[in-house]
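Asker: Mind looking at a prediction? Sequence and model below.
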Amino acid sequence: MTYVVTDPCIKCKFMDCVDVCPVDCFYEGENFLVIDPAVCIDCGICVPECPVDAIKPEDKDTDGKWLAINTQFTAVWPNITRKGTPPADSADFERETGKFEKYFSERPGTGD
């Protein structure tokens, strides 16, 4: 089982999870992070670090949507190995739901 980043991360991208990852499996999009399921060692150390509860075990992704998204974008976004600065307006989006349809961007982030 791997972990996946889900909807709550979009437009928040706090990146606390990145600092604790022992295998550097996070990749950065413009407004979202993803986990490379081929690299993730399933330790779960990143889960409690996410202030918006966006990281879930793969088995909670019942339709496979988030696993597919995480897998797809690790192939094209830059790897990120340390916490960066979240968007200035991230607090405005913390509790919003349904963000994928409204805000998801396929554009890559800057990486480190």
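Answerer: That came through, no problem.

Asker: How many neighbouring residues does Val18 have?
Answerer: When neighbours are defined as other Cβ atoms under 10 Å, Val18 has 23 of them. (Glycine included, C-beta is placed from N, CA and C.)

Asker: now do Val52
Answerer: Counted by other Cβ under 10 Å, the residues lying close to Val52 total 20.

Asker: Centre-most residue in the chain?
Answerer: Computing the C-alpha centroid of the chain and ranking residues by Cα atoms, centre = their mean puts Leu33 first, at 3.1 Å.

Asker: beta partners of that one?
Answerer: Glu28 (DSSP bridges).

Asker: State the pLDDT value of it.
Answerer: At Leu33, the model reports a pLDDT of 98.

Asker: same question, Asp61
Answerer: At Asp61, pLDDT is 85.

Asker: hmm, back to that, and the residue nearest to the centre of the chain, how far is that from Asp92?
Answerer: 18 Å (Cβ to Cβ, to the nearest Å).
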